[in-house]
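Asker: Show me how the following folds:
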Amino acid sequence: MFKRIKVITLLISVLLVLGIMQLISAGIFINALNNDKENFTVSQLSSQNVAEFTDAWISLNQARVTLNRGMLRLHRSLA
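Answerer: Alright, predicted model coming up:
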């Protein structure tokens, strides 16, 4: 069976198989790049949300301190 296959035919078939494997690996690579881009976008949004939450927490703590000082002054002035 293998005696009838010429060397050129075998080389061309090997080249075709390697070319198909190259195309498959390129497709997987492009898919991975797109997933990484989406994950990076989600990561940036998450970091922005954490920063905004931290700013809100700091503002709430500053308001609490201000209210406590005001209540203490009011309590001292009434006593």
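Asker: going forward, measure contacts and count neighbours with C-alpha atoms only.
Answerer: Noted.
Asker: where does the chain dip in pLDDT?
Answerer: Within the chain, the segments meeting pLDDT under 70 span 1-3, 79.
Asker: what number of residues lie near Asn31?
Answerer: Neighbour count of Asn31, defined by other C-alpha atoms under 10 Å: 12.
Asker: Is it within a helix or a strand, and which one?
Answerer: Using DSSP states H and E, Asn31 maps to helix 7-78.
Asker: Which strands or helices does that helix pack on?
Answerer: For helix 7-78, not one helix or strand is in contact under the criterion 3 or more C-alpha pairs under 8 Å, 6 or more residues apart in numbering; DSSP states H and E.
Asker: Where do the domain boundaries of this structure fall?
Answerer: With domains defined by automatic domain parsing, the chain comprises 1-30, 43-79.
Asker: Kindly state which of these is positioned closest to Lys37.
Answerer: domain 43-79 (9.8 Å; C-alpha to C-alpha).
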